[in-house]
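Visitor: Model the structure of this input:
(2 chains)
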Amino acid sequence: MANDPLDFPDFDQLRERWQRFRRTTGGGAGPTPTPPGTPQPPWAGSRRLAPILLLLLAGWLAFASFYTVQPEERAIVLRLGRYRGAENDAGPGLHFKLPLLDRVFKVPVERQLKQEYGFRTQTQAGPSSFRTVEEEATMLTGDENVAIVEWVVQYRIADPYRYLFRVRNVEQAFRDLSEAVMRQVVGDRTVNEVVTIGRVEIERDTELLLQELCDQYETGIKVEEVLLQSNNPPEPVKPSFNDVNQAEQDRNKLINEAQAAYNRVIPRADGEARQAIEQAEGYALDRVNRAQGDATRFDALFTEYRKAPEITRKRLYLESMARLLPAVGRKVVVGEDVEGMIPMLSMETSPRAGAAAATQPGGGS
Amino acid sequence: MTRAVVSVVAVAALLLLSSSMFLVREDQQVILTQFGQPVGGPITEPGLAFKLPLVQRAHFFDKRFLEWQGDAEELTTKDKKYIFVHAYARWRISDPLLFFQRLTNEQNAQTRLDDILDGETRNSIARHNLLEVVRSSNRAPSADESNPEEQFVPIEAGRDKIRREILEATASSARGLGVEILDVQFRRINYSDPATQNAVFERMISERRRIADRFRSEGQGEAARIQGERERELARIQSEAYRTTQEIRGRADAEATQIYAESYGGSADARSLYEFLKTMETFEATFDPDTTLLLSTKGDLFRFLESSSP
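Guide: Numbering: from 1, shown residues only, chains lettered A, B, ... in the order given. A predicted model of the protein is given here:
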């Protein structure tokens, strides 16, 4: 009951306190006769005491009749212990209340509240650090494996009346619910889903289920968001989980490399093939054009040749001879009866070196 | 003297008045007792309430949902798995009079709830396999490429049903105490036995290894496939190119041959002219300064020479 927001002194306690006060002051209600001769206390005599008491009373009344509500708060007022409906709730500002009869409870309805599960933020100076709460984070998954789940629930107090008067120790109730719900959701999933692919779904399902239970328990809490922090496999299993990631990367690397080798070779081969084909096309054009050129030239010549074949042939022969004979290095004119020397001539190895010598005997004889 | 009497009477009246009135707050309910005996029904309406001074006493009870936290108990499931179960429950005092008579106060209630709920939790857990407590539905796990064939062992009861079982089994004994249990939840369930836990870790590790091996093998297989594809493509491209170029060249050669044949072979005259021209051309191409030319006087060239000099 120590952190119960409703704790305040009730009448029994007040009475006890009053009795203790009376005992310590030796208290009778009326003025006690003082033996003559004893020195009088400065406040003795009710005539001087009354105005001071009245002033104190007025001050207390003024003080106890007003209360302020902060901008993020909403105040619930109980008159003689009874809640008189939401229309008597007080929003931010200065408000009047009946002293002694009204009790005011302020609830920060606008503030976004946060609970951490599986870890705690250490709020010392400097950057915040986190401490894992092992027993809170460890949970069983649906394939009988173990996962370490850390999460945060952000919520608001949507219904302050329910928050105060429906559930005792509502914060603890909320914590218990969150833990149970998260374990229920995680318990329906594989460790693989919890650690990798199912995070968004887990957040969503937990939020829905938690809100449902919060409503059923009449906590007055509105769950705003469930955020998974880090979902991990247990420490001893972690390396093998990392190895799966590594293996996945290895696989992609192998595939990429093979793909790269493919890309290095194939487009180039494609281009080279096209080049070869273009070259062949060029060859074909060349071949056909030349053939056509040759044929046309020949046809033209032939047409004229047919008109005077004998003389044209002779002319062509002689023209050719005129062109080629000057180019020939050694010419031997052989008479009709010297055909027997032909084999000797062909045996000479260096026709140019012995040109003059060979000519002389041949020509002279 | 009279003033003293008046003030004594006034104080006494005030005391009497204050002890005959009390406030019942929103979250409270009250049982009145007279010399230890309950009188009247429970006061559940909040507001100002009255009682006989001195003789009657007011007992306040909470009207809200209260909590019950189970100890972390080591339990055994039907399939002989040792687990820690933290259960908790929400309950409330539904019949304050009965509650007051049976239990007097909340401490006693907590102890009795321990007995009832702990026992029933133990029974329920022992009746079911571990997975029935962990899982709540037969939902199909969503698989990714690391585990495409992942399947859950089907369950029969599930967490919600076990919770309801406990709730139903405890409801009547709780009602007998003036208590209503609203909900039982498993806050935490964990392996209690280090050996079991290690076995689970071992299994998880081997499972991961299996997946990792498959990834690597997949990569190698895929790479080999791509390499094969590359070689096939290369052979296809090169051979196709060769075929095409040969076809093109062949067609061109054929066309050229046809053109030549038509032109040169058109008639006997054309053939002989072509032969003549080609011979001349060949002479011109082959004769160079290293050539030795034997010219017979009987040849065409010297015929004119001879006939002109007789």
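
Visitor: Can you list the low-confidence ranges for the stretch 51-200 of chain A?
Guide: Residue ranges of the stretch 51-200 of chain A with pLDDT under 70: A:124-127.

Visitor: Which parts of it are helices?
Guide: A:134-137, A:160-165, A:170-187, A:191-192, A:199-216 (DSSP state H, counting those that start in this stretch).

Visitor: what's the answer for chain B, then?
Guide: B:2-20, B:96-103, B:106-113, B:119-127, B:130-134, B:159-175, B:194-264, B:268-286, B:300-308 (DSSP state H).

Visitor: mind checking which of those is nearest residue A:261?
Guide: helix B:194-264 (6.3 Å; C-beta to C-beta). Using the backbone N, CA and C atoms, a C-beta is placed for each residue, glycine as well.

Visitor: Show me what the closest one is packed up against.
Guide: Counting by 3 or more C-beta pairs under 8 Å, 6 or more residues apart in numbering or on different chains; DSSP states H and E, the packing neighbours recorded for helix B:194-264 are strand A:146-157, helix A:238-307, helix B:268-286.

Visitor: Within its sheet, name the partner strands of the shortest one and how each one runs.
Guide: Based on DSSP bridges, the pairing partners of strand A:146-157 within the sheet are strand A:113-117 (antiparallel), strand A:138-140 (antiparallel), strand A:221-232 (antiparallel).

Visitor: and those strands as TSV, adding distance to residue A:247 and mean neighbour count?
Guide: Output for those, formatted as TSV (distance: least, C-beta to C-beta, whole Å; neighbours: other C-beta atoms under 10 Å in any protein chain shown):
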stretch	distance to residue A:247	mean neighbour count
strand A:113-117	32	16
strand A:138-140	26	23
strand A:221-232	18	18
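
Visitor: Identify the residues contacting residue B:22.
Guide: Residue B:22 sits next to A:11, B:30, B:48, B:49, B:50, B:51, B:58 when contact means C-beta atoms under 8 Å, 6 or more residues apart in numbering or on different chains.

Visitor: Just the pLDDT at it, thanks.
Guide: Confidence at residue B:22, expressed as pLDDT, is 89.

Visitor: picking up where we left off before, make a markdown table from the strands paired with strand A:146-157 and add distance to residue B:80 to it.
Guide: A markdown table is the format used below for those (distance: least, C-beta to C-beta, whole Å):
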| stretch | distance to residue B:80 |
| --- | --- |
| strand A:113-117 | 30 |
| strand A:138-140 | 16 |
| strand A:221-232 | 28 |
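
Visitor: And those strands: which comes nearest residue B:210?
Guide: Residue B:210 lies closest, by C-beta to C-beta, to one member of those: strand A:221-232, at 20.0 Å.

Visitor: And for the closest one, what's in contact with it?
Guide: By C-beta under 8 Å, 6+ apart, the residues outside strand A:221-232 that reach it are A:112, A:118-119, A:147-158, A:163, A:170, A:174, A:182, A:194-195, A:199, A:202-204, A:206-207, A:210-211, A:214, A:238.

Visitor: Buried ones in stretch B:279-298, by neighbour count?
Guide: Neighbour-count burial for stretch B:279-298, counted by 16 or more other C-beta atoms under 10 Å in any protein chain shown, picks out B:280, B:283, B:287, B:292, B:294, B:295, B:296.

Visitor: Hmm, I typed the wrong one, I wanted stretch B:36-45.
Guide: Within stretch B:36-45, the residues that count as buried by 16+ other C-beta under 10 Å are B:38, B:42, B:43.

Visitor: so the last one makes contact with residue B:50?
Guide: No - using C-beta atoms under 8 Å, residue B:43 makes no contact with residue B:50, being 9.9 Å away.

Visitor: what about the helix or strand where residue A:48 lies and chain B, touching?
Guide: Remark: residue A:48 resides in helix A:46-64, with elements defined by DSSP states H and E. No - counting by C-beta under 8 Å from any C-beta of the partner chain, chain B is not contacted by helix A:46-64; separation bottoms out at 11.5 Å.

Visitor: packing partners for that helix?
Guide: In this structure, helix A:46-64 makes packing contacts with no helix or strand, judged by 3+ C-beta pairs under 8 Å, 6+ apart.

Visitor: what's the offset of that helix from the middle of its chain?
Guide: Relative to its chain's centre, helix A:46-64 lies at 67 Å (C-alpha atoms, centre = their mean, to the nearest Å).

Visitor: got it, and stretch B:204-224?
Guide: With C-alpha atoms, centre = their mean, you get 20 Å for stretch B:204-224.

Visitor: Contacts for that stretch next, please.
Guide: A:145-146, A:191, A:233-234, A:236-237, A:240-241, A:243-244, A:246-248, A:250-255, A:257-258, B:146-147.

Visitor: Mean confidence (pLDDT) on it, please.
Guide: Averaged across stretch B:204-224, pLDDT comes to 92.

Visitor: One more: stretch B:54-68?
Guide: Average pLDDT, stretch B:54-68: 90.

Visitor: Pull up the distance across that stretch, start to finish.
Guide: End-to-end distance for stretch B:54-68, by C-alpha to C-alpha, to the nearest Å: 35 Å.

Visitor: can you put the helices and strands packed on helix B:194-264 in JSON lines and add distance to residue B:82?
Guide: Converted to JSON lines, the helices and strands packed on helix B:194-264 look like this (distance: least, C-beta to C-beta, whole Å):
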{"stretch": "strand A:146-157", "distance to residue B:82": "14"}
{"stretch": "helix A:238-307", "distance to residue B:82": "24"}
{"stretch": "helix B:268-286", "distance to residue B:82": "105"}
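
Visitor: Out of the ones you listed, flag the one nearest residue B:70.
Guide: Nearest to residue B:70, of all the helices and strands packed on helix B:194-264, is strand A:146-157, at 21.4 Å by C-beta to C-beta.

Visitor: Please tell me how far the closest one is from the chain's geometric centre.
Guide: Centroid displacement of strand A:146-157 relative to its chain, using C-alpha atoms, centre = their mean, is 19 Å.

Visitor: got the residues of the stretch 51-200 of chain B near chain A?
Guide: By C-beta under 8 Å from any C-beta, the residues of the stretch 51-200 of chain B that approach chain A are B:62-67, B:69, B:88, B:90, B:130-131, B:134-137, B:139, B:141-144, B:146-147, B:150, B:152, B:159, B:182-183, B:185-191, B:197-198, B:200.

Visitor: Among those, which ones are in strands?
Guide: Using DSSP state E, B:62, B:66-67, B:69, B:88, B:90, B:182-183, B:185-191 are the members of those that sit in strands.
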